[in-house]
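>>> take this sequence and fold it.
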Amino acid sequence: MRGFTGIDLLVESVPDATTLLKFRNFLETHKLTMLILEEGNAHLNERRQLLREGPIMDATIIAAHSSIESKERKRDPEMHQTKKGYAWHFGMKAHIGVDARSELVHTVTGTAANVADIAETHELLHGQEKHAFADAGYTGVDKREELATKAGKVKWYVP
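Numbering: from 1, shown residues only. Now for the predicted structure:
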């Protein structure tokens with residue numbers, strides 16, 4: 001991570017959580033996160049490193065403190081709780097689409113943690129897929145109405 005960010009720990013310190021949160025909020029406020037991802041994907045497409053023939057889809061929970069820590073003494077309305085296995089989690093969920101051949105991320109969306117993985121599938125497809133791979137959270141994806149036109153001829157691999 002230090003190499004990626006260019007931080008030399010002998011010269012400077014790692015940014016604290018508040019600084020990272022402010023930076024994330026800045027990116028989101030100015031809608032820069034999608035622009036950064038789109039630029040990265042355009043760069044990969046130019047070099048034919050992102051093939052987009054078959055995505056792998058999954059979601060992960062991004063934990064947040066459930067306690068009321070804001071100045072307004074309110075929880076963030078975009079964060080919710082969800083149960084995974086026998087444990088409860090509070091936060092958001094990142095839905096991620098990865099190109100199966102190149103293993104490069106091509107799409108990321110964020111939702112509240114209580115949004116089902118399958119609900120964001122249509123956002124993770126571009127419409128030219130021949131095959132799509134997903135875990136059990138996507139069971140029944142081939143029957144979803146919102147995917148009928150975008151992914152009508154996709155062969156789904158869901159356990």
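
>>> let me see the domain layout of this structure.
Following automatic domain parsing, one gets these domains for the chain: 15-49, 52-67+94-159.

>>> what's the most buried one of those?
Burial of these is given as mean neighbour count (mean count of other CB atoms under 10 Å); domain 52-67+94-159 ranks first at a mean of 16. In short, each C-beta sits where N, CA and C put it, glycine included.

>>> check contacts around residue 158.
Residue 158 is in contact with 133, 134, 135, 136, 138, 139, 141, counting by CB atoms under 8 Å, 6 or more residues apart in numbering.

>>> rewinding a little: want to throw the domains of the chain into a markdown table with mean pLDDT and distance to residue 79?
Formatted as a markdown table, the domains of the chain follow (pLDDT from 0 to 100; distance: least, CB to CB, whole Å):
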| stretch | mean pLDDT | distance to residue 79 |
| --- | --- | --- |
| domain 15-49 | 80 | 13 |
| domain 52-67+94-159 | 81 | 5 |
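
>>> nearest to residue 84, of these?
Closest to residue 84 of the domains of the chain, according to CB to CB: domain 52-67+94-159, at 6.6 Å.

>>> residues making contact with the longest helix along the chain?
Longest helix in the chain by number of residues (criterion: DSSP state H): helix 32-46. With CB under 8 Å, 6+ apart as the test, helix 32-46 has contacts from 26, 27, 50, 102, 104, 105, 106, 107, 108.

>>> what is the nearest of these to residue 122?
Relative to residue 122, the closest of these is residue 107; by CB to CB it sits at 10.8 Å.

>>> pretty sure the closest one contacts residue 122?
No: counting by CB atoms under 8 Å, residue 107 stays clear of residue 122, with 10.8 Å between them.

>>> what pLDDT does residue 1 get?
According to the prediction, residue 1 has pLDDT 52.

>>> same check on the one 10 residues further on?
As summarised for this prediction, residue 11 has a pLDDT of 76.

>>> thanks a lot, catch you later.
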